[in-house]
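Asks: Got a predicted structure plus its sequence, pasted below:
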Amino acid sequence: MDERMRFVIRLKDGESMAGLCREFGISRKTGYKILDRYEECGLEGLTDRARRPHRYANSLPQQLESAIVAAKREKPNWGARKIRERLLRRLPHEVKVPACSTIHAILDRHGLVTRSKRSRTHAEGTPLSSGLTPNELWCTDYKGEFKLGNQRYCYPLTVTDHASRYLLLCEAMESNQEQFAFTAFERLFKERGLPQAIRSDNGVPFASPNGLFNLSRLSVWWLRLGISIERIKPGHPQQNGRHERMHLTLKKEATRPAGANILQQQAKFEVFQAEFNSERPHEALQMKCPAQVYTPSTKPYRGIAEPQYPFHDKTVIVTNCGRLCLYRKKINLSVCLAGQAVGIKEVDDGIWLVSFMDYDLGYVDLEEKSLQPLDNPFGPKVLPMS
């Protein structure tokens, strides 16, 4: 404002417009605009003006916005679509009623919309079994990554039998991505057969923080094979204490120093695995070696069979994006179940029970197009659906 005031004062004192405009570095058009604002509004004309437009081309008349708010307060359970239809019936035809999205935005601005809370699935763990006999329970985890001699990281994937402490797998992996875990577990299942259950933590690839019940593609594959999944409670590694104790021994004897590359590190793991299973006595086994206690599983790996749902109304394949397509409606289920067959059964008008294998996942409301999950059905001692 000070610059404009000095400009006007000197202009009123008789100085030329062209000379002042050159001195102040402005065009004569701007100079005349400043003078006109001063002569029209006085000193107030020299203040900074808001750049906000005086009117908006698409703004709603206040009366129409008030009518929308009044209709919502009169019918608090109605949504934007029904309110728009009500306005179309009541207002004159020449009044242009806004779109549903505009009405919803107005209601939201006035605090008349209840926003749905984001569903956040937090890992809580599952019930844990005792695993008293070989192959009743296997435990798996990635021992913390470490650098090899070539400065690349190694991610050791390990699997032990809970009852016998037998080290079933100790694989030097270049990544903890699930496709590598699939290959390792498939090889292990072919060699040792299948366990009744597998216990892990809640990290990837064993679990997914965003999946339904924290399921991952790997854990879904285990379920398809008839293997129950167990997860320890977050922050409680003692629930997988036997496996963690083996990791401590593994770290001392097979990673210090680390191998020069992934192949040399795998060779060190194989030497450790043979010694741990067949030479190293274990106090909890009355000084026996794990190999003296462990026996291979009697349940061979033969791939997976398609699930059958004889007591359901329909069998539906989950889409690649994790949705159920039911009566031309799309319901988000879980990406980890993409390509899987699930059973659905109508238990009430428009309410469908969704099941995977012998596990009930939740209820689908066709009108709301949403899934209401049940309590986590996974873990030991899960009975088949009646």
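Replies: Yep, that arrived. Please read all numbers here as calculations on a predicted model, not as lab measurements. Numbers count the residues shown, from 1 in each chain.

Asks: for whichever helix in the chain runs longest, which positions count as buried?
Replies: Looking across the chain with DSSP state H, the single longest helix is helix 262-278. For helix 262-278, a neighbour-count test (16 or more other C-beta atoms under 10 Å) marks 262, 265-266, 268-269, 272-273, 276-277 as buried. From N, CA and C alone the C-beta is placed, and that goes for glycine too.

Asks: out of those, which one sits closest to A197?
Replies: N277 (21.2 Å; C-beta to C-beta).

Asks: Now do the same contact list for the closest one.
Replies: Under the criterion of C-beta atoms under 8 Å, 6 or more residues apart in numbering, the neighbours of N277 are 166-167, 289-291, 294.

Asks: Got the phi and psi for S175?
Replies: Note on S175: its backbone torsions stand at phi -160, psi 160 [degrees, to the nearest 10].

Asks: That one reaches P156, doesn't it?
Replies: No - counting by C-beta atoms under 8 Å, S175 sits too far from P156 to count as a contact (11.9 Å).

Asks: Show me the strands in the stretch 201-350 of the chain, by range?
Replies: With DSSP state E, counting those that start in this stretch, the ranges of strands along the stretch 201-350 of the chain come out as 228-231, 314-317, 323-326, 329-332, 341-348.

Asks: Report the mean confidence score over the second one.
Replies: If I follow you right, that is strand 314-317. On average, the pLDDT along strand 314-317 is 93.

Asks: next one: the last one
Replies: In this model, strand 341-348 has a mean pLDDT of 91.

Asks: Adjacent strands (with direction) for it?
Replies: strand 314-317 (antiparallel), strand 351-356 (antiparallel) (DSSP bridges).

Asks: residues in contact with it?
Replies: So strand 341-348 is contacted by 306-307, 309, 311-318, 324, 326, 333, 352-356, 361, 363-364 (C-beta under 8 Å, 6+ apart).

Asks: if we go to 7 Å?
Replies: By C-beta atoms under 7 Å, 6 or more residues apart in numbering, the surrounding residues in contact with strand 341-348 are 306-307, 309, 312-318, 326, 352-356.

Asks: again, but for the second one
Replies: Residues lying outside strand 314-317 but in contact with it, judged by C-beta under 7 Å, 6+ apart, are 309, 324, 326, 339, 341-344.

Asks: Is it possible to mark the buried ones in these?
Replies: Of those, these count as buried by 16+ other C-beta under 10 Å: 309, 324, 326, 341-344.

Asks: Any chance of these in JSON lines with distance to L371 as columns?
Replies: Listed next are the buried ones among the contacts of strand 314-317 as JSON lines, based on distance: C-beta to C-beta, whole Å:
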{"residue": "Y309", "distance to L371": "17"}
{"residue": "L324", "distance to L371": "8"}
{"residue": "L326", "distance to L371": "11"}
{"residue": "A341", "distance to L371": "17"}
{"residue": "V342", "distance to L371": "11"}
{"residue": "G343", "distance to L371": "14"}
{"residue": "I344", "distance to L371": "11"}
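
Asks: picking that back up, what about dumping the CA coordinates of the longest helix of the chain to CSV?
Replies: As requested, the backbone C-alpha atoms of helix 262-278 are provided in CSV (Å, rounded to 0.1, in the frame of the first residue of the first chain):
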residue,chain,number,x,y,z
ILE,A,262,24.8,-67.2,-1.5
LEU,A,263,26.2,-70.6,-2.6
GLN,A,264,28.9,-70.7,0.0
GLN,A,265,26.5,-69.6,2.7
GLN,A,266,24.1,-72.4,1.7
ALA,A,267,27.0,-74.9,2.0
LYS,A,268,27.6,-73.6,5.5
PHE,A,269,23.9,-74.0,6.3
GLU,A,270,23.9,-77.6,5.1
VAL,A,271,26.8,-78.5,7.3
PHE,A,272,25.1,-76.9,10.3
GLN,A,273,21.8,-78.7,9.5
ALA,A,274,23.5,-82.1,9.4
GLU,A,275,25.3,-81.5,12.6
PHE,A,276,22.2,-80.0,14.4
ASN,A,277,20.0,-83.0,13.4
SER,A,278,22.3,-85.9,13.7
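
Asks: Report the buried residues of stretch 95-115.
Replies: By neighbour count on 16+ other C-beta under 10 Å, the buried set for stretch 95-115 is 97-98, 102-104, 106-107.

Asks: Pull the most distant pair out of these.
Replies: So, these by C-beta to C-beta: farthest apart are V97 and L107, at 14.1 Å.

Asks: JSON lines please, covering the strands paired with strand 341-348 and showing mean neighbour count and distance to F180.
Replies: As requested, the strands paired with strand 341-348 are exported to JSON lines (neighbours: other C-beta atoms under 10 Å; distance: least, C-beta to C-beta, whole Å):
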{"stretch": "strand 314-317", "mean neighbour count": "15", "distance to F180": "27"}
{"stretch": "strand 351-356", "mean neighbour count": "22", "distance to F180": "25"}
